[in-house]
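**Student:** I need the structure of the sequence given here:
(one chain, ligands or ions: 2)
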Amino acid sequence: MDWSKLDKPYSTLENNPLAGRDLLRLLDLSPEELHGILSTSLAQKQAWKAGERSKPYADAAVAIIMEKPSLRTRVSFELGAKRLGAFTTVLSGKDSAFSRGESVKDTVMVLERFVDVIVIRTFEQKKVEEVAEYAGIPVINALSDSFHPCQGLGDLLTIYEHLGRLTDFKLAYVGDGNNIAHTFLESAALIGFELVIATPVGYEPNAKIVEECRAVSACGGANIHLTHDPKVALTEADVVVTDTWASMGDEDEHAERVKVFEPYRIDAAALALAKPGAIFEHCLPAHRGEEVTDEVMDGPASVIYDEAENRLHVQKALMSLVMASKK
Ligand code: CP
Ligand code: NVA
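**Tutor:** Ligands and ions are numbered 1, 2, ... in the order given. This is a model prediction of the structure:
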């Protein structure tokens, strides 16, 4: 796979290998399919910016289930679907699909009579899998406790746009071994870039996910490193990434975590360990002054708003590919 260029978009929606498929985690994809989705995202983004407007899914509908709060994911899925011509319905808060205790089976079997794609943000990955098991339509994970594959796609497209390649770089992820760390592990396994994850003791990524990623890595896992020393990760990194120290669902642990994670903050001194010209990513929402300082968030290395924008482009492309069986 040539990761130096994202130049192989799927030429037709009809004949793409993602048609009718789910995206529950990045490891659902082969390296070729990941390359294809990213190339298609880039091509569709460029076409959109050039003023091209096409609505290939004028009669389609997308259900967006949100069992946790969201700004970026919700807005970008809604607008991405609408720009493809599809209707959207958002089920969140007390109106969420599962808030009355209806079974996953009944909920999904009913929803799939109405819509063409289900997007779901929830807690356990198992629930995302259960939804996919019952759904005869594509299901897209919009974040679970374990993975955030759409964030992963946006992060990769942003790295490509700023570094000009998706190969031969070192990515330092410093912070909690959470859903975002797991998603970078999957990206590194599929692509082969060097990934160093630095976490405090006790906050490492899930060992089973690390092993799965090492097992599928084309480099035999030799490109994936875990450490407790942020300096090891940051030194000579091309891309520096952090995320909140207390994810949605971990709020009760916030005060305790702030003490433990203090040495893992990305401030100007931490960023200075990276290569000159290194970029800084954060999926947002950020807790300015905790995991990252204002100086870094607002500094020249920061690509956080490009990263947020790219959520829309990758998800719009992803929906256009998985909905293709509908056409
Ligand atoms: N990065 C991200 O998924 O943001 P939201 O939680 O606002 O959707
Ligand atoms: N790790 C964060 C990501 C938010 C987009 C969380 O799960 O809350």
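
**Student:** For burial, what's the neighbour tally of the residue in the stretch 51-200 of the chain that ligand 2 sits nearest to?
**Tutor:** In the stretch 51-200 of the chain, the residue that lies nearest ligand 2 is Asn178 (4.6 Å; C-beta to the nearest ligand atom). (Glycine included, C-beta is placed from N, CA and C.) By other C-beta atoms under 10 Å, 25 other residues sit near Asn178.

**Student:** Chain neighbours aside, what residue packs nearest to it?
**Tutor:** Ser247 (5.1 Å; C-beta to C-beta, 6 or more residues apart in numbering).

**Student:** Kindly report the same for Glu281.
**Tutor:** Excluding the flanking residues, the one nearest Glu281 by C-beta to C-beta, 6+ apart is Val241, at 4.6 Å.

**Student:** Surely that neighbour is in contact with His282?
**Tutor:** Yes: taking contacts as C-beta atoms under 8 Å, Val241 lies within contact range of His282: 6.9 Å.

**Student:** so who does the spatially most central residue of the chain touch?
**Tutor:** The residue lying closest to the centre of the chain (C-alpha atoms, centre = their mean) is Gln151, at 1.9 Å. By C-beta atoms under 8 Å, 6 or more residues apart in numbering, the residues touching Gln151 are 73, 143, 180, 183, 283, 311.

**Student:** mind running it again at 10 Å?
**Tutor:** When contacts are counted by C-beta atoms under 10 Å, 6 or more residues apart in numbering, Gln151 is found next to 72-73, 142-143, 179-180, 183-184, 243, 281, 283-284, 307-308, 310-311, 314-315.

**Student:** Point out the ones among those residues that are inside helices.
**Tutor:** Judged by DSSP state H, these include 72-73, 179-180, 183-184, 307-308, 310-311, 314-315 as members of helices.

**Student:** Could I get the pLDDT score of the residue in the stretch 201-327 of the chain positioned nearest to ligand 1?
**Tutor:** The nearest approach of the stretch 201-327 of the chain to ligand 1 comes at Cys283, 3.9 Å away (C-beta to the nearest ligand atom). Listed pLDDT for Cys283 reads 98.

**Student:** Let me know whether it touches Gly152 as I believe.
**Tutor:** Yes: if you go by C-beta atoms under 10 Å, Cys283 and Gly152 touch, sitting 9.3 Å apart.

**Student:** which residues are in contact with both of those two?
**Tutor:** Common neighbours of Cys283 and Gly152 (C-beta under 10 Å, 6+ apart) are 179-180, 183.

**Student:** Would you mind confirming that Ser11 is in contact with Thr40?
**Tutor:** Yes: using C-beta under 10 Å, Ser11 is in contact with Thr40, at 9.3 Å.

**Student:** Comparing these two, which shows the higher neighbour count?
**Tutor:** Neighbour tally, Ser11 and Thr40, criterion other C-beta under 10 Å: the higher count belongs to Thr40, 25 against 10.

**Student:** ok, now which ones touch the more buried one?
**Tutor:** Thr40 touches 6, 8-11, 13, 16, 18, 313-314, 316-318, 320-321, counting by C-beta under 10 Å, 6+ apart.

**Student:** What segments of the stretch 1-150 of the chain are helices?
**Tutor:** Counting by DSSP state H, counting those that start in this stretch, the segments of the stretch 1-150 of the chain that form helices are 31-49, 72-83, 104-114, 125-134, 149-163.

**Student:** Now mean pLDDT and distance to Tyr203 too, for those helices, in a markdown table please.
**Tutor:** Output for the helices of the stretch 1-150 of the chain, formatted as a markdown table (pLDDT from 0 to 100; distance: least, C-beta to C-beta, whole Å):
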| stretch | mean pLDDT | distance to Tyr203 |
| --- | --- | --- |
| helix 31-49 | 98 | 27 |
| helix 72-83 | 98 | 24 |
| helix 104-114 | 96 | 30 |
| helix 125-134 | 98 | 18 |
| helix 149-163 | 99 | 19 |
